[in-house]
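Trainee: The following comprises the amino acid sequence and a computationally predicted model.
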Amino acid sequence: MEILTDFFDTTGFASMQFGNAIMILIGIVFIVLAITKDYEPLLLVPIGMGAIVGNIPVSEGMALSVYDEGSVLHYLYFGVSRGVYPPLIFLGIGAMTDFSTMLSNPKLVLLGAAAQIGVFLTFLGALWLDFSPAQAGAIGIIGGADGPTAIFLASKLAPELLGPIAIAAYSYMALVPVIQPPIMRLLTSREERLIRMKPPRDVSKREKMIFPVAAFLISTLIAPGAVVLLGMLFFGNLLKESLVTERLARTARTAMIDIVTILLGFAVGASTQADTFLTKESLGIFGLGALAFAIATAGGVLFAKLMNLFLTEKINPLVGAAGVSAVPDSARVVQMVGQQEDPHNFLLMHAMAPNVAGVVGSAIAAGVLWSVLT
């Protein structure tokens, strides 16, 4: 019996706490949502499984968690805590992104910029809740709906809040089809949702090749802090559009981004240990994240309505909701809501313009916050 008692004391059952059970349940919920509802399964399945792994109690002295120096999970988490994984994700995104819809109608870039209002208003809200300026900047970037950018900025400004910020950012990215449609319908009339936009013009190969270099120079001269994220994004896009490095572009947008997504998602999930995650600060971050995402969506829609006051060729205001950088889910939501009003109104290509502009905009916002708050 003494041997059995000693054995039981070494099991996870003996040291399981209520918080660990809650986080394991949350991990299971993430996996169920990913499988049954198809909510960002490439992200929620690794994060959910990571949360389960990270909350299994272990015997004292066993270095197994992401916070135990020398453990395997600690080395996997190094890419998160030092901001290594996000630029690699951006490289893959650049290699799969077509900027031609944005180039064909440059004024739609303004919608991607307008959606960043969620970042800066949330920054002010976090300051009001007594977060430090650096912490408030890291929390505010959740409003960009860009998980890699949120992780990168949090690793630089507020590494102690990295877990809650990463989970909040990816959770709201996964819930785009749930959060955005009610806001879009609330802020638009049926007449506005029925607006049809003319097809985008054809963009030449030369324009596509010049764009990544020119856009990188302009963006990073405005916000030098974004040089790593935007450098990798536009480098990946140049690999795609140059037409002479297709092999490298294909690797970046397939095998490499898949590997990094697995490692990033699992490591982020494993960092959500109950004793560091279930805190009052974490609840505040989730509340601010939801507010940020709603404000960003509303900002894009309302700015499109404002632009229509001065344009002869009207913009469907639904397209403004795609200004958040959840690519391509926000653009798909715009298409879905638009076709609920008119099944023959195709808004997807138009929505991709502010959607990819939002990726650039959130990286610039992160660069500005990093530069100012460091």
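Mentor: Thanks, I have it. Just so it is clear, the structure is predicted and the values come from calculations on it, not from any experiment.
Trainee: and the closest residue in space to A126 that isn't next to it in sequence, what does it touch?
Mentor: Of all residues not flanking A126 in the chain, A136 sits nearest, at 3.5 Å (Cβ to Cβ, 6 or more residues apart in numbering). Where C-beta positions appear, they are placed from N, C-alpha and C, glycine not excepted. A136 is in contact with F123, L124, A126, L127, counting by Cβ atoms under 8 Å, 6 or more residues apart in numbering.
Trainee: Mind checking what helix or strand follows the strand or helix carrying V268 in sequence?
Mentor: V268 belongs to helix 257-270 when assigned by DSSP states H and E. Using DSSP H and E, the helix or strand that follows helix 257-270 in sequence is helix 274-277.
Trainee: What's the mean pLDDT across that following helix?
Mentor: Helix 274-277 shows a mean pLDDT of 80.
Trainee: same thing with stretch 112-126?
Mentor: 88.
Trainee: Export only the CA atoms of it, formatted as PDB.
Mentor: Output of stretch 112-126 as PDB, limited to C-alpha atoms (Å, rounded to 0.1, in the frame of the first residue of the first chain):
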ATOM      1  CA  GLY A 112      -7.600  48.700 -44.000                       C
ATOM      2  CA  ALA A 113      -6.100  51.800 -42.300                       C
ATOM      3  CA  ALA A 114      -9.400  52.800 -40.800                       C
ATOM      4  CA  ALA A 115      -9.900  49.400 -39.100                       C
ATOM      5  CA  GLN A 116      -6.700  50.000 -37.100                       C
ATOM      6  CA  ILE A 117      -8.700  52.500 -35.000                       C
ATOM      7  CA  GLY A 118      -9.600  49.400 -32.900                       C
ATOM      8  CA  VAL A 119      -5.900  49.100 -32.000                       C
ATOM      9  CA  PHE A 120      -5.400  52.600 -30.700                       C
ATOM     10  CA  LEU A 121      -8.800  52.900 -28.900                       C
ATOM     11  CA  THR A 122      -8.100  49.600 -27.100                       C
ATOM     12  CA  PHE A 123      -4.700  51.000 -26.200                       C
ATOM     13  CA  LEU A 124      -6.400  53.900 -24.400                       C
ATOM     14  CA  GLY A 125      -8.900  51.500 -22.800                       C
ATOM     15  CA  ALA A 126      -6.000  49.400 -21.400                       C
END
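Trainee: Might you report the residue contacts of E281?
Mentor: F131, L161, P164.
Trainee: most neighbours, which of these?
Mentor: P164 (26 neighbours; other Cβ atoms under 10 Å).
Trainee: tilt between the one helix or strand it maps to and helix 257-270?
Mentor: Following DSSP H and E, one finds P164 within helix 162-174. Using axes from the mean of the first three to the mean of the last three Cα atoms, to 10 degrees, the direction of helix 162-174 lies 120 degrees away from that of helix 257-270.
Trainee: after helix 162-174 comes which helix or strand?
Mentor: Assignment by DSSP H and E places the next element after helix 162-174 at helix 176-187.
Trainee: What residues of that following helix count as buried?
Mentor: Applying a neighbour-count criterion of 16 or more other Cβ atoms under 10 Å, one finds V176, P177, I179, Q180, P181, I183, M184, R185, L187 buried in helix 176-187.
Trainee: Spatially central residue for this structure, please.
Mentor: D146 (2.0 Å; Cα atoms, centre = their mean).
Trainee: Could you tell me what pLDDT the model assigned to P177?
Mentor: pLDDT, P177: 87.
Trainee: next one: T11
Mentor: On the pLDDT scale, T11 gets 68.
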